[in-house]
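Visitor: How does the following fold in three dimensions:
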Amino acid sequence: MKQLHKVTTAVGLLLALAGGVAHAMDEIKIGFLVKQAEEPWFQDEWKFADQAAREKGFKLVKIGVPNGDKVLTAIDNLSAQHAQGFIICAPDVKLGSAIVAKAAQYKLKVMSVDDRLVDGAGKPIDSVPHMGISAYKIGEQVGSAMAQEMKKRGWKMSEVGAIRLSFDQLPTAKDRTDGAMAALVAAGFPKANFINAPQAKTDTENAFNAANVAITQNPKYKHWLAFGLNDEAVLGAVRAAEGRGVKSDSIIGIGIGGSQSAMNEFAKAGKTGFFGTVLISPKRHGYETTLNMYQWIKAGKSPDKLTLTTGMLMTRDNTAAVRKEMGL
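Guide: This next block holds a predicted model:
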């Protein structure tokens, strides 16, 4: 009888363990991998992705992937956790083929967000659903806003230098700055007055260094424009201009992103050279992509292959209204 009891207990334990494993495998788990987890934009994406997870009852696995090795390790990790898919903003879009192959190895569904994955030839991987930003059009918004503000201030365009904080190895960055330049040229801004200032990285410190060189080497200009990939780039240029003695009313910097850094700038007692930012919606990029992945896993409903979002110009005068309209 004792032996039978032991066998029965053992069988019960095995069934319980098997049930637990089955439940773990049945539970929907979605990875959300971002290249710079410390940046406010990605923190906001994760926040809205968490909101989708709470609403639908799935588990979200958030992982920072600052380089290629971390990306591949993260995908291994997701497979070990029995995840069924992941969303990724890769540190290098050229990792696209490797990411797709790794996902296929583990039968994981994959979507990209913000930066679109490309293959070895540099072409977008159409098989991977993508939500991105209409980078060129947002750049045009920046350029048009600068042209309007220059006109409002009565600046002579011949006396204005335009700093292009560039990071051309990232297609999104190049599209944004190309769009800004095109809009300025269309408004009559002289092409000869653009100054290319390459950034080593897409942060404020590297933008400061790049802009500082541009301003120092071009003392002939009375006024300045500054534009680049994001708010951090433009803030770096504004700080560099201040350091070179440029007054706040002699520089118009317009960023992209509507980050906390921009909000902090608007909250300062006096106006600075950071005039505005094109606010893009981290809610769509975090909440909507995660929800799309959930529906793809649960119901087999594949997301649209390409979704491009736009933004709204936000200044210190209209911050509350714009944030409300963008769902923030």
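Visitor: Surely residue 143 forms part of a helix?
Guide: Yes - Residue 143: assigned to a helix according to DSSP: H, G, I helix; E, B strand; the rest coil.
Visitor: so the closest residue to it other than its chain neighbours, which of the three states?
Guide: Leaving aside its chain neighbours, residue 143 sits nearest to residue 183 (2.8 Å; criterion: Cβ to Cβ, 6 or more residues apart in numbering). (C-beta placed from N, C-alpha, C; glycine too.) Using three-state DSSP, the structure places residue 183 in helix.
Visitor: Distance of residue 183 relative to residue 146?
Guide: Counting by Cβ to Cβ, to the nearest Å, the gap from residue 183 to residue 146 is 8 Å.
Visitor: pLDDT weak spots in the chain?
Guide: Low-confidence segments of the chain, defined by pLDDT under 70: 1-25, 327.
Visitor: let's see 50
Guide: Applying pLDDT under 50 to the chain picks out residues 2, 4-5, 7-8, 10-11, 13-24.
Visitor: Pick out the residue nearest the middle of it.
Guide: residue 114 (5.0 Å; Cα atoms, centre = their mean).
Visitor: ok so, going back, comparing residue 183 and residue 146, which shows the higher neighbour count?
Guide: With neighbours defined as other Cβ atoms under 10 Å, residue 183 and residue 146 compare such that residue 146 has more, 25 against 22.
Visitor: Contact partners for the more buried one?
Guide: Each residue near residue 146 by Cβ atoms under 8 Å, 6 or more residues apart in numbering is listed here: 162, 180, 183-184, 225, 227, 252, 254.
Visitor: Residue 224 in helix, strand or coil?
Guide: Per three-state DSSP, the secondary structure class of residue 224 is strand.
Visitor: Please name the bridge partners of it.
Guide: residue 161, residue 251 (DSSP bridges).
Visitor: Hmm, it is touching residue 254, no?
Guide: No - the pair residue 224 / residue 254 is not scored as a contact, 11.9 Å apart, by Cβ atoms under 8 Å.
Visitor: coming back round to it: spatially, what comes nearest to the residue nearest to the centre of the chain if we skip its sequence neighbours?
Guide: Closest to residue 114 by Cβ to Cβ, 6+ apart is residue 89, at 4.4 Å.
Visitor: what bridges to that neighbour?
Guide: Note on residue 89: beta-bridge partners by DSSP bridges are residue 34.
Visitor: now it: how far from residue 113?
Guide: Residue 89 is 5 Å from residue 113, by Cβ to Cβ.
Visitor: Repeat that for residue 249.
Guide: With Cβ to Cβ as the criterion, residue 249 and residue 113 are 38 Å apart.
Visitor: More neighbours: which of the two?
Guide: Using other Cβ under 10 Å, the more surrounded residue of residue 249 and residue 113 is residue 113, with 27 against 12.
Visitor: Quick one: list the elements packing against the helix or strand containing residue 206.
Guide: Using DSSP states H and E, residue 206 sits in helix 204-216. On a contact count with 3 or more Cβ pairs under 8 Å, 6 or more residues apart in numbering; DSSP states H and E, helix 204-216 meets strand 160-166, strand 194-198, helix 231-243.
Visitor: and the angle from it to strand 194-198?
Guide: Angle, helix 204-216 to strand 194-198, by axes from the mean of the first three to the mean of the last three Cα atoms, to 10 degrees: 140 degrees.
Visitor: distance between helix 204-216 and the chain's centre?
Guide: 22 Å (Cα atoms, centre = their mean, to the nearest Å).
Visitor: Just put the helices and strands packed on helix 204-216 in CSV and tack on distance to residue 51 and mean neighbour count.
Guide: Formatted as CSV, the helices and strands packed on helix 204-216 follow (distance: least, Cβ to Cβ, whole Å; neighbours: other Cβ atoms under 10 Å):
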stretch, distance to residue 51, mean neighbour count
strand 160-166, 32, 25
strand 194-198, 37, 18
helix 231-243, 23, 26
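Visitor: Tell me where this structure has strands.
Guide: Taking DSSP state E as the criterion, the chain contains strands spanning 29-34, 59-64, 85-89, 109-114, 130-133, 160-166, 194-198, 223-227, 251-256, 274-280, 306-309, 311-315.
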